[in-house]
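S.K.: need coordinates for the below:
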Amino acid sequence: MSDQDQDTVSALEAPGFAPAQFVRWFREVAPYVHAFRGKTFVVAFGGELVQAGTLNTLVQDLSLLSALGIRLVLVHGSRPQVNEQLRLKGYTHQFDRGLSPTDAASLECAKEAAGEIRLDIEAAFSQGLPNTPMSHAHVRVISGNFVTARPSGVIDGVDYKHTGQVRKIDVDAMRKAMELGSVVLLSPLGFSPTGDAFNLAMEDLATSVAVALRAEKLIFLSVTDGVRNDDGSVDTELARVDADALLTTGELDEDTSTFLQYSSLAVKRGVARAHIVPFSLDGGVLLEIFTHDGVGTMVVEDTLDDLRPATIDDVGAILSLIEPLEADGTLVPRGRSVVERDVENFTVLEHDGVIYACAALHPFLGEQMAEMACLIVHPEWQGSGEGEILLRHMEARARAMGAKRLFVLTTRTSHWFLKRGFVTGGVTDLPREKQQNYNRSRNSMVFIKRL
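M.R.: Just a heads-up that it's a prediction; the model follows:
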């Protein structure tokens, strides 16, 4: 046995490893894996990420996404590297964020910097050492002339020379490459039909590509944490109109403002989600994608939590919420056939394609009553008011049906209902049909609320 083998400790042998916690987490990310397989993500980052030395870690995480069937387009920037090239060659011109002229010397520096970073990225994806996250990974990286550019021209009397803008994206070629399992890599350069090269803004290029591909996600990796609330916490989800309003205040730092502007534009033009994620956080991309709240700021056309009636396609997700509570005796066992029969009575809360809460409403309109049952919020997402949202919705539905009273049967959550206006009742207070079906062996408590 080699020294390396002797020093290697598997995750199962590591101190503090909790198998049950790992299994639970693995099962919880499964819905995201199913939802995103075959979808296109555009991941964009500036040269600052390369400068910070986090490229290899990012590539390992992106390799995992690729292995899970997510189609990836990687767009890199190179501004600090271009500025360094200019400085070393004795030029005083430096690039900042925003539109800036690119003369011939600056274009040559941009080409050199882009080529160096592209090779570094390809090398990182080519890793395959045993006992590393890239072991057994075979990720093919394809780059090329996918982007047709045009000159920015003269704006307000300033000739921007070799600074360009995206004119066209070769969507078909990029999709064919991704269908073969390849990662498409784009540098911030575009080419005109005349053979000229143009320096492009990474943010504009990534946004244009995400829109052209109708990407599921556009992810900007940033020096900053994203948009922060007044209390200093990260605002994890912003509706596009709120993002636009925030941009007008001028209160954001330059990096956050730039990424938020392009995130809003991408969502407005059809990209499902746009994210600003700090690249300094190890595994930030994975945490943003595979956890409910994420770690950065996500911009959507509307807020993602979607309260809607359940459909037959939701039966499996509803059962996955119900079954653990049936197993521990909190709920009466129902079975798939019962849920399928009553699915129209269910309402679900959905976030980013994942159902994480549900409730059912059963009417007894002859006695102007309705029963709320199966009020469940996934344990990982409790504590944020989702139960309240479902309760208010069920009360509104019951009133619309003509019910005057809403009742629940419970064995373990009496205090929750008492705090929300329910009062203790008895079996004789239930509708006659419910009295006949009441399971006395469970001895469920009855709580009633006047609507």
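
S.K.: which other helices and strands does the helix or strand harbouring residue 370 contact?
M.R.: Applying DSSP states H and E as the criterion places residue 370 in strand 369-377. Using 3 or more Cβ pairs under 8 Å, 6 or more residues apart in numbering; DSSP states H and E, the elements in contact with strand 369-377 are helix 315-327, strand 354-364, helix 386-401, strand 405-410. (C-beta placed from N, C-alpha, C; glycine too.)

S.K.: just checking, residue 159 touches residue 101?
M.R.: Yes - applying Cβ atoms under 8 Å, one finds residue 159 in contact with residue 101, separated by 6.7 Å.

S.K.: and these two? Which one has more around it.
M.R.: The residue with more neighbours, out of residue 159 and residue 101, is residue 101; 16 against 12, by other Cβ atoms under 10 Å.

S.K.: contacting residues for that one?
M.R.: By Cβ atoms under 8 Å, 6 or more residues apart in numbering, the contact set of residue 101 is 158-161, 163.

S.K.: please apply the same query to residue 333.
M.R.: By Cβ under 8 Å, 6+ apart, residue 333 lies in contact with residue 326.

S.K.: quick check: pLDDT value at it.
M.R.: According to the prediction, residue 333 has pLDDT 86.

S.K.: do the one 10 residues further on as well
M.R.: The score at residue 343 is 96. That number is its pLDDT.

S.K.: start to end distance for stretch 119-139?
M.R.: End-to-end distance of stretch 119-139 (Cα to Cα, to the nearest Å): 14 Å.

S.K.: now tell me what touches it from outside.
M.R.: 4, 8, 50, 55-56, 59-60, 63-64, 66-67, 74, 76, 141, 143, 181-183, 185.

S.K.: buried sites along the helix or strand where residue 115 lies?
M.R.: For residue 115, the host element (DSSP H and E) is helix 104-125. Of all the residues in helix 104-125, those buried under the rule 16 or more other Cβ atoms under 10 Å are 106-111, 113-114, 117-118, 121-122, 124-125.

S.K.: before we move on, what about stretch 415-431?
M.R.: 416-417, 422, 425, 429-431.

S.K.: looks like residue 43 contacts residue 72 (just checking).
M.R.: Yes - between residue 43 and residue 72 there is a contact under Cβ under 8 Å: 6.4 Å.

S.K.: ok, residue 313 to residue 389 distance?
M.R.: Relative to residue 389, residue 313 is positioned 22 Å away (Cβ to Cβ, to the nearest Å).

S.K.: adding mean pLDDT, write the helices and strands packed on strand 369-377 out as TSV.
M.R.: As requested, these are exported to TSV (pLDDT from 0 to 100):
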stretch	mean pLDDT
helix 315-327	93
strand 354-364	94
helix 386-401	90
strand 405-410	96
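
S.K.: how about these in JSON lines, adding mean neighbour count and distance to residue 147?
M.R.: Converted to JSON lines, those look like this (neighbours: other Cβ atoms under 10 Å; distance: least, Cβ to Cβ, whole Å):
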{"stretch": "helix 315-327", "mean neighbour count": "16", "distance to residue 147": "40"}
{"stretch": "strand 354-364", "mean neighbour count": "21", "distance to residue 147": "34"}
{"stretch": "helix 386-401", "mean neighbour count": "17", "distance to residue 147": "43"}
{"stretch": "strand 405-410", "mean neighbour count": "21", "distance to residue 147": "58"}
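
S.K.: how about these, which one is nearest residue 293?
M.R.: Residue 293 lies closest, by Cβ to Cβ, to one member of those: strand 354-364, at 11.4 Å.

S.K.: which ones are touching the residue nearest to residue 376 when sequence neighbours are not counted?
M.R.: Spatial nearest neighbour of residue 376, excluding adjacent residues (Cβ to Cβ, 6 or more residues apart in numbering): residue 321 at 4.7 Å. The neighbourhood of residue 321, defined by Cβ under 8 Å, 6+ apart, consists of 355-358, 374, 376, 378.

S.K.: now swap in residue 294 and tell me
M.R.: By Cβ under 8 Å, 6+ apart, the residues touching residue 294 are 236, 275, 277, 287-288.

S.K.: of those residues, closest to residue 260?
M.R.: residue 275 (10.8 Å).

S.K.: what strand or helix carries that closest one?
M.R.: Here residue 275 is assigned to strand 273-278, by DSSP H and E.

S.K.: contacting residues around that strand?
M.R.: By Cβ under 8 Å, 6+ apart, strand 273-278 touches 210, 216-227, 256, 259-260, 262-264, 266-267, 284-285, 288, 294-300, 304, 352.
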